[in-house]
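Asks: quick one, structure for this:
(2 chains)
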Amino acid sequence: DAGVTQSPTHLIKTRGQQVTLRCSPKSGHDTVSWYQQALGQGPQFIFQYYEEEERQRGNFPDRFSGHQFPNYSSELNVNALLLGDSALYLCASSRDRGYEQYFGPGTRLTVT
Amino acid sequence: GDSVTQMEGPVTLSEEAFLTINCTYTATGYPSLFWYVQYPGEGLQLLLKATKADDKGSNKGFEATYRKETTSFHLEKGSVQVSDSAVYFCALSDQVTDKLIFGTGTRLQVFP
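Replies: Numbers count the residues shown, from 1 in each chain, chains lettered A, B, ... in the order given. Next up is the predicted model:
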């Protein structure tokens, strides 16, 4: 049983560009959450998707957007990249609300 | 808002020493509490959890007790191993929204 997978593993972008990160949830999971982990910090909640809708959102600007597909996989899009967007982006999946969240290995984004 | 505070690291111990990592929280409701571990270059793994006051979570020799009166969830292990070297995150789950709120993490270094 594959766990949560994320792609790509690493990514380098230039300030002002746009980026798309991808996540495939663990089998049987229908809820996907995204977190941003800056270097030396704890993860910060970006948003959560359920039934292809954004169910809740953290304190992140509209430059951060997402999507969930019918197969429950998800994308995180970040527009107009800033240097401060450099971080590890973690995807977590669960069987709806109240169940344990399983994390993927993350995508390391570097903005130069 | 809800928040988690952990002791700063790094915590440096010799193999077989006793470990305590302090964690306190602030929450308006009755959150679930978690400890996650992050090994170098990897995502987060759930180490243990407790869902109500006085519950004790345990896994792989690690333990933590949900103390509502002191709003604490300290992580303990009786005898650490070199393989326990990692970053440990205390987190709470918002009772309404299910999002995870993390502390800043505590790096543990265990030497032979």
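
Asks: list the contacts for the most centrally placed residue in chain A?
Replies: In chain A, the centroid-proximal residue (Cα atoms, centre = their mean) is A:Trp34; its distance is 3.4 Å. Shown in contact with A:Trp34 (Cβ atoms under 8 Å, 6 or more residues apart in numbering or on different chains): A:23, A:45-48, A:66, A:74, A:76, A:89-92. Where C-beta positions appear, they are placed from N, C-alpha and C, glycine not excepted.

Asks: and it, that one's in a strand?
Replies: Yes. Residue assignment for A:Trp34, taken from DSSP: H, G, I helix; E, B strand; the rest coil, places it within a strand.

Asks: tell me how many other residues crowd the residue lying closest to it once chain neighbours are set aside.
Replies: The shortest distance from A:Trp34 to any residue other than its chain neighbours is 4.3 Å, reached at A:Ile46 (Cβ to Cβ, 6 or more residues apart in numbering or on different chains). Other residues lying near A:Ile46 total 22 when counted by other Cβ atoms under 10 Å in any protein chain shown.

Asks: residues contacting A:Ile46?
Replies: Going by Cβ under 8 Å, 6+ apart, A:Ile46 touches A:33-36, A:57-58, A:60, A:64, A:66, A:76.

Asks: interface residues of chain B facing chain A?
Replies: B:4, B:36, B:42-46, B:49, B:89, B:91, B:97-105 (Cβ under 8 Å from any Cβ of the partner chain).

Asks: buried subset of the residues you listed as a PyMOL selection?
Replies: With 16 or more other Cβ atoms under 10 Å in any protein chain shown as the criterion, this PyMOL line picks the buried residues out of the residues of chain B next to chain A:
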select buried, chain B and resi 4+36+43+44+46+49+89+91+97+98+99+100+101+102+103+104+105
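
Asks: can you tell me which of the residues of chain B next to chain A end up in strands?
Replies: Of these, the ones assigned to strands by DSSP state E are B:4, B:36, B:44-46, B:49, B:89, B:91, B:100-102.

Asks: dump the residues you listed to JSON lines, plus pLDDT.
Replies: Compiled in JSON lines, those are given as follows (pLDDT from 0 to 100):
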{"residue": "B:Val4", "pLDDT": "96"}
{"residue": "B:Tyr36", "pLDDT": "97"}
{"residue": "B:Leu44", "pLDDT": "92"}
{"residue": "B:Gln45", "pLDDT": "93"}
{"residue": "B:Leu46", "pLDDT": "94"}
{"residue": "B:Lys49", "pLDDT": "95"}
{"residue": "B:Phe89", "pLDDT": "97"}
{"residue": "B:Ala91", "pLDDT": "96"}
{"residue": "B:Leu100", "pLDDT": "94"}
{"residue": "B:Ile101", "pLDDT": "94"}
{"residue": "B:Phe102", "pLDDT": "96"}
